[in-house]
Structure formats: structure tokens, C-alpha cells
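Enquirer: Sequence unavailable; structure follows:
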């Protein structure tokens with residue numbers, strides 16, 4: 001079985017242009033982690049069913065284990081590393097304040113799904129937040145704290161704290 005030849009591909013990652021030379025069919029997840037060193041994005045199931053690999057691509061939460069890197073060419077990709085600014089994104093502080101993580105493995109994907117929602121909707125209600133996070137599994141059972149944290153972050157972003 002022949003390997004696909006590597007191609008040069010350019011996209012924006014957390015606000016900066018990046019260029020990678022890779023097999024265009026390689027999952028975006030692997031390029032982010034192994035070639036670009038963005039290890040917050042996690043490998044979970046490898047079948048786009050657990051949400052651990054969720055990133056934002058042009059404003060939409062997508063599972064990067066199921067997306068070829070070639071599909072990101074020319075687009076804006078955001079990973080959890082992009083939330084670590086000064087000050088950190090309100091989602092980060094809300095998750096810490098609410099102790100929304102236990103083992104933390106799922107959190108980068110959940111954070112990115114939540115950010116995509118909050119970027120698109122100013123004041124989602126709890127039911128809408130739950131629907132937006134439905135594809136992201138947390139086996140530790142911190143769902144209530146996660147929902148509380150996203151609600152809190154939404155209030156902070158909307159200036160209603």
C-alpha cells in the first residue's frame with residue numbers, strides 16, 4: 001500500500017499562519033499534536049464519537065480525528081491552547097472556579113465546543129448549552145459542574161456578572 005505524498009498546507013492556528021508538510025489525508029488531530037505540538041487536543045475514540053478531539057474550524061466545533069488536514073487549508077483552526085491568554089478566556093476561569101474537571105482528559109474538547117457556542121450565541125440557556133456539549137463525553141461525571149461553568153462564562157462574556 002503506497003503512502004500519499006506529503007503536501008505543503010497552510011492554515012491559521014490560534015490566530016497565526018502555520019505551514020505544514022504532511023499527508024493531506026492525515027487527520028487534523030495528528031498534525032496538531034505531532035507536527036505542531038498542540039497537545040491539548042486529545043485522541044479519544046478515533047471515530048468522532050467522544051468529542052475529546054474537538055477543535056473549532058471557521059467558527060464550528062468539529063472533531064479533528066475525523067477531519068483530514070487538507071480540509072483545514074485556508075481556514076482558521078482554534079485549539080484549547082488559544083484560550084490561554086492574559087487574562088485567560090472566561091471559560092478557563094469559570095471551569096477552574098466551578099471545579100468542572102476531574103481527570104481533565106475531556107476538557108479541551110468540551111472547552112472548544114463551549115467556546116464555539118458562546119462565540120455564536122450571546123446568552124444560551126442551560127438546555128442549549130447541554131445540546132451543544134452533547135457530543136462531548138465526560139466519564140468522570142462532572143456534567144453539572146461543566147454546565148454551571150459554561151453558564152458562568154456566558155454571563156461573564158455578556159457582561160452580566
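Expert: Ah, there it is. Here the structure is a predicted model, which is why all the values come from computation and not from measurement. Numbers count the residues shown, from 1 in each chain.
Enquirer: only C-alpha atoms for contact and neighbour calcs from this point on.
Expert: Fine.
Enquirer: domain assignment for the chain?
Expert: 7-82, 83-158 (automatic domain parsing).
Enquirer: can I get the ones you listed in CSV with mean neighbour count?
Expert: Below are the domains of the chain laid out as CSV (neighbours: other C-alpha atoms under 10 Å):
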stretch, mean neighbour count
domain 7-82, 19
domain 83-158, 18
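Enquirer: Let me have those in CSV, extended by mean pLDDT.
Expert: What follows is the domains of the chain, written out as CSV (pLDDT from 0 to 100):
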stretch, mean pLDDT
domain 7-82, 97
domain 83-158, 95
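Enquirer: List of residues touching the top helix by length along the chain?
Expert: Longest helix in the chain by number of residues (criterion: DSSP state H): helix 143-158. Outside helix 143-158, the residues that touch it by C-alpha atoms under 8 Å, 6 or more residues apart in numbering are 90-91, 93-95, 97-101, 114, 118, 122-126, 129-130, 161.
Enquirer: Now do the helices in this protein.
Expert: Counting by DSSP H, the helices of the chain are 28-30, 90-97, 107-120, 126-132, 143-158.
Enquirer: Output the ones you listed in JSON lines; the columns should cover distance to residue 80.
Expert: Output for these, formatted as JSON lines (distance: least, C-alpha to C-alpha, whole Å):
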{"stretch": "helix 28-30", "distance to residue 80": "13"}
{"stretch": "helix 90-97", "distance to residue 80": "9"}
{"stretch": "helix 107-120", "distance to residue 80": "5"}
{"stretch": "helix 126-132", "distance to residue 80": "17"}
{"stretch": "helix 143-158", "distance to residue 80": "15"}
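Enquirer: Select, out of these, the one closest to residue 75.
Expert: Shortest distance between residue 75 and the helices of the chain, using C-alpha to C-alpha, is found for helix 28-30: 12.1 Å.
Enquirer: what's the spacing between stretch 52-68 and its chain's center?
Expert: With C-alpha atoms, centre = their mean, to the nearest Å as the basis, stretch 52-68 stands 7 Å off its chain's centre.
Enquirer: Next, the distance between the ends of that stretch.
Expert: Distance across stretch 52-68, first residue to last, is 16 Å (C-alpha to C-alpha, to the nearest Å).
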